[in-house]
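In: pasted the sequence and its predicted model underneath.
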Amino acid sequence: PLPLTQDEIPLEGHAVEARLYAEDPAKSFFPSTGHLVRLRMPQNRPEIRTDMGVRKGDEVTMFYDPMIGKIIAHGADRHQAIGALANFLRQMEVAGPKTNLRFLERVMSSEAFRAAHLDTGFIDRHIEELVPKGPAPAEVIALAALGHLLARDERQCAQQLETAEPHSPWAANDAFVLGGHRREVLRLECDGDTLMVGVEPSGEGWRIQPEGGEALVASGTLSADGALLATVGTRRLRAGFVAQAKGFVLVHEGASYGFDPHDALEADDAAEGGTGAVTAPMPGKVIQVAVKPGDRVKKGSALVVLEAMKMEQTLSAASDGVVASVNAGEGDQVDGGAVLVTFEEE
């Protein structure tokens, strides 16, 4: 027999659970794969329990469920439990594959969710609030520019120390220039958007002004483990800065943003106009091919349907064009990044 009866088991407080998935809310929650380069959680939170299925450095593959883990918060009542969970999610840092972390935090912070106005249509009704579209916020751009500048200065200092004249004034990273003041424009690529950001030294930090936006003064420190502690305007902010082979990932308040600083010394190989190709966003199985070579397609036309991790994704044409080749057939298993459809040059 069981040691306790049902009447002897107390029910105290309230608990809320969120499931962290490797998926992209901006693409209808399509599963995401990749190397988990960062997984950092707040410590010493007795009201929080985490059940993680992966660790930093693990690979999220197409062969298993894309759930990263579960986060459970306990409180005296529902409102307290939701608040504790929202605060924990906001301070988590996850980078690598796309995740629903920021989406979960927005759900916990939603007035409708907190008021328990819930049914199966909740996400569809509030999708613009939960998955907002548009460029990165001004604070995120300022943090990205600041992190890039701090990391660049650190690299330059390290390189200079290895030279024959490590203390040469010509290697200084200060604001001194002849005949004026130091100013430059950073070109940052972020999720398909090109951001032109003017930066110039200001006191112990930088005056950062995105094109068409207001200037913000930002200063801070970047530690070896990627912790970016900054003051932007009058706000004290914390972010994760993860350097990669090409660009970096900035993690702030549960959201991750991929930035690729443009190097003026590198050739720009990006094709423009009607040329280009459609590639598989992840490994998967081709279950439908809707075009053949010679077909003229309009922007948004369905080209290929790919199945991966129990989900189907329709790959569409990014612009008008004529199909040059189709490199996969129905039933084919393809790798992530595989070129599926190419277009004729016009």
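Out: Looks like it arrived, so ask away. Because the structure is a prediction, the values reported are computed rather than measured.

In: give me the helix or strand of the protein that scores worst on average pLDDT.
Out: Here the helix or strand of the chain ranked lowest by mean pLDDT, DSSP states H and E is strand 311-316, holding a mean of 83.

In: give me the helices and strands touching the helix or strand where R106 lies, please.
Out: R106 is part of helix 101-109 when elements are defined by DSSP states H and E. Packing partners of helix 101-109 (3 or more Cβ pairs under 8 Å, 6 or more residues apart in numbering; DSSP states H and E): strand 14-21, helix 78-91, helix 127-130, strand 255-261. Heads up, the C-betas are built off the backbone N, CA and C, glycines and all.

In: got the contact list for that helix?
Out: Under the contact criterion Cβ atoms under 8 Å, 6 or more residues apart in numbering, helix 101-109 has outside partners 16, 18, 20, 25, 82-83, 85-86, 89-90, 92, 94, 113-114, 129-131, 253-256.

In: now with 6 Å, please.
Out: Outside of helix 101-109, the residues within contact range by Cβ atoms under 6 Å, 6 or more residues apart in numbering are A18, P25, I82, L85, A86, L89, R90, V94, F113, L130, G254, A255.

In: please work out how many residues are found near the fourth one.
Out: Neighbourhood size, L85 [other Cβ atoms under 10 Å]: 25.

In: which residue sits closest to it, ignoring its sequence neighbours?
Out: Distances taken as Cβ to Cβ, 6 or more residues apart in numbering put A73 closest to L85, at 3.7 Å, once the chain neighbours are dropped.

In: correct me if wrong: that neighbour contacts V16.
Out: Yes - here A73 lies in contact with V16, judged by Cβ atoms under 6 Å, at a distance of 5.3 Å.

In: what does the helix ranked longest in the chain rub up against?
Out: As assigned by DSSP state H, the longest helix anywhere in the chain is helix 138-161. Helix 138-161 has contacts (Cβ under 6 Å, 6+ apart) with 166, 171, 173, 186, 197, 199, 208, 210, 213, 216, 218, 220, 222, 228, 230, 232, 239, 241, 250, 252, 257, 259, 261.

In: run through who's touching the helix or strand harbouring V199.
Out: Counting by DSSP H and E, the element that carries V199 is strand 193-202. With contacts defined as Cβ under 6 Å, 6+ apart, strand 193-202 is touched by 135, 145, 175, 182-188, 206-211, 217.

In: among these, which are in helices?
Out: A145.

In: filter the contacts of strand 193-202 to the buried ones?
Out: A145, L186, L188, W206, R207, I208, Q209, P210, V217 (16 or more other Cβ atoms under 10 Å).

In: out of those, which two sit at the greatest distance?
Out: L188 and V217 (18.5 Å; Cβ to Cβ).
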